[in-house]
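Asks: Prediction below, plus the sequence it came from.
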Amino acid sequence: MTTHHSQIVTLILMGTLWLTTSVSAAPTEGLIATPEPDWAQWRGPRRDGISAEKGLLCEWPEGGPELLWQIDELGKGWSSPIIVGETLYITGDVGDELVIYAFNLDGTPRWKTTNGRSWRTPYGGARACCTYSEGQLYHMNAHGRVACLDAATGEEIWAVSILDRFEGKNIRWALSECVLIDGSHVIVTPGGKKALMAALDKRTGRTVWTTAPLPEDNTSHCSPILYRQGGRRQIANCSSGHGFGVNADTGRLLWTIPLKNRYGTNISTPTYNTGRVFFMTPYTERGRQYRLVPNESGVDAQLTWKSPMDAVTGGAVILDGTLFAAGYNATKSWHAINWETGETKYELEDFTTGAVLYADERLYIMDIRGAVGLLEPATDRFEVRGRFQLVKKRVQDAFAHPVVFNGRLYLRYHDTLYCYDIKES
């Protein structure tokens, strides 16, 4: 083979390699996971309530799995733990202060600090979970104070009041947003006169971009999700009267849909899958799925179906074309819903409305009465594989979401965090 021919072959091979690499490296559509390991943010790596954990108990013994330890006197609140490495972080309202705790995974304390004032009433208690990124911890208290802490020591690095900076106002049941970290940005939703949504520099707290406000709209209690669709990175969240999506790189508003009730409350994190987004608004709009169709000016959000599903604090999980969630007002049953059509495949009345997490082919639920269940979704029914009562007294405010990490189930009710062994022997 001549030198000339060798050069041509080499160029062809290099071009093929470049093409193969480019195709394989192309960003995938769907939810974008945090680059952090473990359970570093609200509802897990993709904020979808899905854990990759395997090797867990298929069934629970009577009375539930083994309790390994519990932490008492955390203070009032509903925030779930996040876990990174050998450290667990959780918050609670103690007296007049919002307290952030760091614990070892055997339940022994590491450090504690504060992030401003507690929330006394109505429904007093800590709300948002912490978010971990590159050795730092981020948290928003009920009054909109966003703090960045050294995760190893709890030392505060910076703090910003998003309601003051963006001329927002607090809402009936206080801010509850679990902040989203996107690269070098902290994403917040002040719903103020100066910004519907904003990105803060995660090292300094300065404003990087803002989304134009929506007229006569405030923030709500919802936490955002990050996803890629049509080659564009987007963030979806809710205000007091809308579901909306913005360009994650610029903050430009891409689409809005009406989601309004008499209380201005949108609480459940949006559910995204296959180019569609699902919202649940209690009392009025209830469950609605929208197809997101990119166009030249932004995105067209087209209503595809409605559902009576109206979970408040519980959220939803989608698996293999089926959405799992429980209603609040219109229905209190647990439903398996066809993601394409919105039709209920089957339902279960053994538990009332509550929070849901998926791991190792089963759903972990805790309803608002403090009943905990292990459900196996079958073709035409839920199989109950275990249940126990976490809260013995009569309550209606067991709102914290379960966390499954490293063979352990973490459940929180106000002052107490419980850790159960759910690893298969």
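Replies: Sure, I can see it. Predicted model, so just to flag it, every value in this text is computed and none were measured.
Asks: contacting residues for residue 207?
Replies: Residues in contact with residue 207 (CB atoms under 8 Å, 6 or more residues apart in numbering) are 165, 198, 199, 200, 201. The way it works is simple: take the backbone N, C-alpha and C, and place the C-beta from them, glycine included.
Asks: Pull up the per-residue confidence for it.
Replies: Per-residue pLDDT puts residue 207 at 98.
Asks: And for the one 10 residues further on?
Replies: As summarised for this prediction, residue 217 has a pLDDT of 94.
Asks: Can you name the residues that contact the residue nearest to it when sequence neighbours are not counted?
Replies: Among residues not flanking residue 217 along the chain, residue 239 sits closest, at 4.6 Å (CB to CB, 6 or more residues apart in numbering). Contacts for residue 239 (CB under 8 Å, 6+ apart) come out as 189, 191, 196, 214, 217, 218, 219, 220, 266.
Asks: just the helices in this protein please.
Replies: For the chain, helices defined by DSSP state H occupy the ranges 3-24, 162-165.
Asks: any idea which of those scores lowest on pLDDT?
Replies: Among the helices of the chain, helix 3-24 has the lowest mean pLDDT, at a mean of 39.
Asks: check contacts around the nearest residue to residue 263 once chain neighbours are set aside.
Replies: What sits nearest to residue 263 in space, not counting adjacent residues and going by CB to CB, 6+ apart, is residue 172, at 6.4 Å. By CB under 8 Å, 6+ apart, the contact list for residue 172 reads 122, 263, 264, 265.
Asks: any idea which of the contacts of residue 239 is closest to residue 151?
Replies: Taking CB to CB as the measure, residue 151 sits nearest to residue 189 out of the contacts of residue 239, at 23.4 Å.
Asks: Now the contacts of residue 172 in TSV, please, with extra columns for pLDDT.
Replies: As requested, those are exported to TSV (pLDDT from 0 to 100):
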residue	pLDDT
122	89
263	88
264	87
265	90
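Asks: Apply the buried test to those and list what passes.
Replies: Among the contacts of residue 172, those buried by neighbour count (16 or more other CB atoms under 10 Å) are 263, 264, 265.
Asks: Let me know the pLDDT of the closest residue to residue 361 other than its chain neighbours.
Replies: Excluding the flanking residues, the one nearest residue 361 by CB to CB, 6+ apart is residue 376, at 6.9 Å. According to the prediction, residue 376 has pLDDT 98.
Asks: Can you report how many residues lie near residue 376?
Replies: Number of residues near residue 376 (other CB atoms under 10 Å) recorded here: 15.
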